[in-house]
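Undergrad: Provide a 3D model corresponding to the input given below.
(2 chains, ligands or ions: 2)
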Amino acid sequence: MKQFAALIQQLELTNKTNAKIEALVHYFSIATDKDKLWLIALFTGKRPKRPIKTSLMKEWCLEITQLPEWLFLESYSAVGDLGETLSLLLPPPENDSNQSLHEVMQDLKRLNNFSEEEKKSYLLNAWNSFETHQRFLLNKLIGGSFRVGVSKKLLVNALSKYSGIESNQLMHSIIGNWTVNDITFEELIQGNHINYDNSKPYPFCLAYALDKPAEELGEVDYWQIEYKWDGIRGQLIKRNNAVFIWSRGEELVTKQFPELVEAVQNLPDSFVLDGEILAMKDAAVLQFNDLQKRLNRKNVSKALMAEVPVNFRIYDVLEWNGEDLRQQPLAQRQSHIQSIIKPEYTSVISQSMSLIVKSWDEVKQLRNDARNQNSEGLMLKLKQSPYHTGRIKGDWWKWKVDPLSIDAVLIYAQKGSGRRSAYYTDYTFAVRDGDQLVTVAKAYSGLTNDEIKEVSKFVTKNATEKFGPVRTVKPELVFEIAFEGIALSNRHKSGVALRFPRIARWRKDKPVSEIDDIDSVKLLIAAKS
Amino acid sequence: MYCIPGKFYLDPWGKVDYAVISHAHADHARWGMKHYLCVDDSKAIIKHRIGKDISIESLPYGIEKSINGVKLSFHPAGHIIGSAQIRLEYKGHVTVFTGDYKTNPDNLTIPFQSIKCHTFITESTFGLPLYHWQDDSVIQQQMQNWVLNNQQQNKTSVFVGYSLGKSQRIMSLLDGCAPMFVHNSIYQLNQVIRNSGIKLPKADLWQAATNKNDIQNNIVIVPPALLGSHMIKRIPNAAIALCSGWMQVRGHRRWQAVDAGFVVSDHADWNGLISAVKATEAEQVYVTHGYQETFARYLNGIGIAASEVKTEYGTNEDTDTTETEIPKTA
Ligand SMILES: [Zn+2]
Ligand SMILES: [Zn+2]
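TA: Residues are numbered from 1 along each chain as shown, chains lettered A, B, ... in the order given. Ligands and ions are numbered 1, 2, ... in the order given. Below is the predicted model of the structure:
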């Protein structure tokens, strides 16, 4: 646990990706294979089920410390994390355990068969054997809910640096089918349990934002104009009848989209497609918020698939019948799409159509209308362009619509979690509705650390009510809230739903009397239709 | 805080005629008083921070002075150099005002002295049972190991702590570990402290003109205001550590995105506060400066009559930073 604790401490203290990778590489070079395997399991969400209820842990802590419950709760609200609160309240340990990560995990797995008395005696002894930080980690391992800000991608990059094995292969390996009991660390990273030749993706071709007037791009005829969709950019691969879906973040997300996999199984072998996974219903693209309901789930229920159906919109064909097409011109690559898709599956896999235009003026009109299609703007692609590796200037451009914005006042604030638990970071904003205020948006991001501190200070001084962790704040601070879309909604009290609200800036220059009112906000909906 | 029969104020914020000062931190010793009274060890520091020309007198620890029939004396508080509890006796009733204090001993300050009294006015900066300090020897080991580890990676160890108190404490914990450099605000204070006859470890001045090779792999101590500044970016291969009691909590530790956080506090921890209160055998306790509501409620729960007093001292979340620099106005 000492090596593990040192690793976590380093991962938590730095926000530099390279330093995190260094820390992980260092851990891989000193830890035993069994510990490494457990680390990968934990960081990829393979956790044993919770052996002890948190309510019992709290009860035993109160018993040991003899603290009144209100003081426990007050401490908890100052820390923001139950496992950490327990670890800090308990008296200093009398013993010093040298148990390693996998030994602790083994113990925790065994606990499931123990009686409550046995669990208690195990935990009290463990609490008395680890120093505060290790004790905190132990509590988190028991609770099973512990995030360290290490994505699969980062983990894979570190493993790749440590082992010299290609990162996409490692990504396939770690999310493949394995458990800690049936594989060794070496077998896992060598990928003995997978066939990487089938899943191997190509690097994505990426576009820069348009940085000049569109007219300067030359004849509009040379360009293919498409909607820029705002979903999950991905590669859909079928080789030797095995199906894989890679996200642009180089994660394998195959299991999250069973209906896509099923449809692809009925299409001819073999191909690699670049496209966008979108939430779509009745031929209309839904909001990204809807798609979010489908992401990062262990199990996708039938009900959820019916509520938020997905569609893979094909942008490009990178491989067809085993042939790498990336050097062919865009138009030629796309000619293969019709041989791949089948009409009976177009509700699940379809082509992202290019738009027919005669002038740049028409392109501009389409861009202005993009929001109505739930698109975030346009893509301009040279018809002759190859499929480049990475981000290259000139052949592809993205041309997003301008964001919308309103001025609103802060009315509720809540402390953040994890690294932000000391400050109020989660805000709710309101606009005027007659002589009342009505909530229009929640936002978590967009302020600098210094601004967050300043807002926190204001909240502490000007809180008028407490509801658990939420503070009602005197309506005084005005912020410009930017968002990507707006729609009428009966689920919201204000009658409108904003898409991707975020704080654009703090309007210290504006008094609360100058915030927007709900009618002017609703006009934004009218303006776009 | 006003002493009615004595007609003087303790650590006042508004401008008053007669101010008795517990210690030289900016939230206790403010600018603009007609007359100041403090303990000997604090006098030069207060003059340095507030002004050479102020009207100020001082007393040694433990020596009584009578003001309008109130017997007043200063006693060691163990918080920073020159920090004092203020004992007041009027018609046989004894009141002790702690200012800030720390019960764990260190190598720098005169240890906290417990005084029996009827009324005890205590701070409560770390008045939650989450806060338990380790012995200085343990913290010293952690800090020195970190410096050695940095040296192996060719890094310069930068410690962040407010200029009065924390900086000298860091110097004393790191004494002999590697050559030390300090920011000008700390350097000036060190000179003042040394001139008043108190010994400090050697620490050279670090400024823009200092040769990078001189500080490479060594130790630099800076006040919090410098975090993120251009000056700090000039330090070659800097690894940055915060030193504060708040570092006990992960959220605080991770907030600044520095390389390390050490739990070094100049205040009493939870057990320190409780033992200090109990040792006074006071009939009535008033709690200020921090978690006053929580700590007062806890004391009442264990049978000690206590109530909270709201003051304008640094709020519990940022005392360490508000004590950083001298405000120019009251
Ligand atoms: Zn102080
Ligand atoms: Zn103070």
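
Undergrad: Pull the number of nearby residues for A:Trp320.
TA: A total of 19 residues lie near A:Trp320 under the criterion other C-beta atoms under 10 Å in any protein chain shown. C-betas here are computed from N, CA, C, even on glycine.

Undergrad: pretty sure it contacts A:Ile340?
TA: Yes. With contacts defined as C-beta atoms under 8 Å, A:Trp320 counts as touching A:Ile340 at a distance of 7.1 Å.

Undergrad: overlap in contacts of the two?
TA: By C-beta atoms under 8 Å, 6 or more residues apart in numbering or on different chains, A:Trp320 and A:Ile340 have these common neighbours: A:Phe271.

Undergrad: Enumerate the residues of chain A near chain B.
TA: By the criterion of C-beta under 8 Å from any C-beta of the partner chain, the positions of chain A lying close to chain B are A:12-15, A:65, A:67-68, A:70-71, A:74-75, A:78-81, A:84-85, A:88-89, A:91-92, A:136, A:418-423, A:449, A:453, A:456-457, A:460.

Undergrad: Now list the buried members of the residues you listed.
TA: For the residues of chain A next to chain B, a neighbour count by 16 or more other C-beta atoms under 10 Å in any protein chain shown gives the buried set as A:12-14, A:67, A:71, A:74-75, A:78-81, A:84-85, A:88-89, A:136, A:418-423, A:453, A:456, A:460.

Undergrad: In the stretch 151-300 of chain A, which residue sits closest to ligand 2?
TA: Going by C-beta to the ion, ligand 2 is nearest to A:Leu154 of the stretch 151-300 of chain A, at 41.4 Å.

Undergrad: Now do the same contact list for that residue.
TA: When the contact criterion is C-beta under 8 Å, 6+ apart, the partners of A:Leu154 are A:Thr17, A:Lys20, A:Ile21, A:Leu24.

Undergrad: cutoff 7 Å now
TA: Under the criterion of C-beta atoms under 7 Å, 6 or more residues apart in numbering or on different chains, the neighbours of A:Leu154 are A:Thr17, A:Lys20, A:Ile21.

Undergrad: how about the strands in the stretch 101-250 of chain B?
TA: Listed in chain order, the strands of the stretch 101-250 of chain B (DSSP state E, counting those that start in this stretch) span B:119-124, B:156-160, B:180-183, B:204-206, B:219-222, B:238-243.

Undergrad: the inter-axis angle of the last one versus strand B:156-160?
TA: Put plainly, it is strand B:238-243. Strand B:238-243 and strand B:156-160 are oriented at 30 degrees to each other (axes from the mean of the first three to the mean of the last three C-alpha atoms, to 10 degrees).

Undergrad: Can you turn the buried part of the contacts of A:Leu154 into a ChimeraX selection?
TA: Selection of the buried residues among these in ChimeraX, burial being defined by 16+ other C-beta under 10 Å:
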select /A:20,21
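
Undergrad: TSV for the contacts of A:Leu154, including pLDDT?
TA: Supplementary listing: the contacts of A:Leu154 in TSV, determined by pLDDT from 0 to 100:
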residue	pLDDT
A:Thr17	84
A:Lys20	91
A:Ile21	94
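
Undergrad: how about CSV for the contacts of A:Leu154, with secondary structure added?
TA: Converted to CSV, the contacts of A:Leu154 look like this (DSSP: H, G, I helix; E, B strand; the rest coil):
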residue, secondary structure
A:Thr17, helix
A:Lys20, helix
A:Ile21, helix
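
Undergrad: What is the nearest of the contacts of A:Leu154 to B:Leu174?
TA: When these are compared for distance to B:Leu174 (C-beta to C-beta), A:Lys20 wins out at 27.7 Å.

Undergrad: May I see the domains of the chain written out as residue ranges?
TA: Picked chain A for this. For chain A, whose domains are defined here by automatic domain parsing, the residue ranges read A:2-143, A:205-400, A:404-526.

Undergrad: Let me rephrase: I mean chain B.
TA: B:2-131+B:266-322, B:136-262.
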